[in-house]
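A.B. asks: model this:
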Amino acid sequence: MLKIGELAKLTNCSVLTIRFYEKQGLIQIPDRTQSNYRLYKQSDVDRIKFILNCRSLNMSLNEIKQLLTYQDQPDMNCSKVNHLVDKHIQNIYQHIEQQKYLIEQLIQLRKSCDGMCSMEKCGVIKQLS
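C.D. replies: Next up is the predicted model:
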């Protein structure tokens with residue numbers, strides 16, 4: 001059994017984040033000692049590492065909750081997992097396109113100022129006003 005600080009060190013996850021994951025239902029609320037310390041198991045370590053791996057792939061909390069639900073049903077067919085990942089990939093592609101559009105807007109905005117004028121004549125400032 002691990003206390004929250006030990007769990008945080010083992011998973012490289014802050015205590016606040018662990019508490020947040022508890023509140024969000026991503027990890028189960030742990031048992032407590034008589035002194036009211038949280039006590040975690042190895043399964044909590046594994047679950048937090050899973051969550052952190054998902055977060056590193058920019059998955060939302062809802063996506064992670066869904067994956068954890070699937071993980072908790074080991075006999076279930078994994079086609080739903082593939083569907084979730086495919087949808088996540090599509091969202092990333094859409095986000096990339098939005099970022100490309102934003103870059104183009106910023107490039108055009110930047111072209112409106114040569115950097116040699118006063119602020120009151122700055123094309124960037126004028127266009128943003």
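A.B. asks: give me the three-state assignment for Pro74.
C.D. replies: coil (DSSP: H, G, I helix; E, B strand; the rest coil).
A.B. asks: would you map the strands across this structure?
C.D. replies: 31-32, 38-39 (DSSP state E).
A.B. asks: so which of the ones you listed is nearest Arg110?
C.D. replies: Within these, the stretch nearest Arg110 is strand 38-39; the backing value is 50.8 Å (C-beta to C-beta). The C-beta positions use only the backbone N, C-alpha and C, and glycine is treated the same way.
A.B. asks: helices or strands up against that closest one?
C.D. replies: On a contact count with 3 or more C-beta pairs under 8 Å, 6 or more residues apart in numbering; DSSP states H and E, strand 38-39 meets strand 31-32.
A.B. asks: repeat that with 6 Å
C.D. replies: Using 3 or more C-beta pairs under 6 Å, 6 or more residues apart in numbering; DSSP states H and E as the contact test, no helix or strand touches strand 38-39.
A.B. asks: can you list the strands that it pairs with?
C.D. replies: strand 31-32 (antiparallel) (DSSP bridges).
A.B. asks: which outside residues touch the partner strand?
C.D. replies: Contacts to strand 31-32, defined as C-beta atoms under 6 Å, 6 or more residues apart in numbering, come from residues Arg38, Leu39.
A.B. asks: and it, average pLDDT?
C.D. replies: The average pLDDT for strand 31-32 rounds to 90.
A.B. asks: so how far is that strand off the chain centroid?
C.D. replies: 27 Å (C-alpha atoms, centre = their mean, to the nearest Å).
A.B. asks: and for stretch 110-118?
C.D. replies: 37 Å.
A.B. asks: sounds good, over and out.
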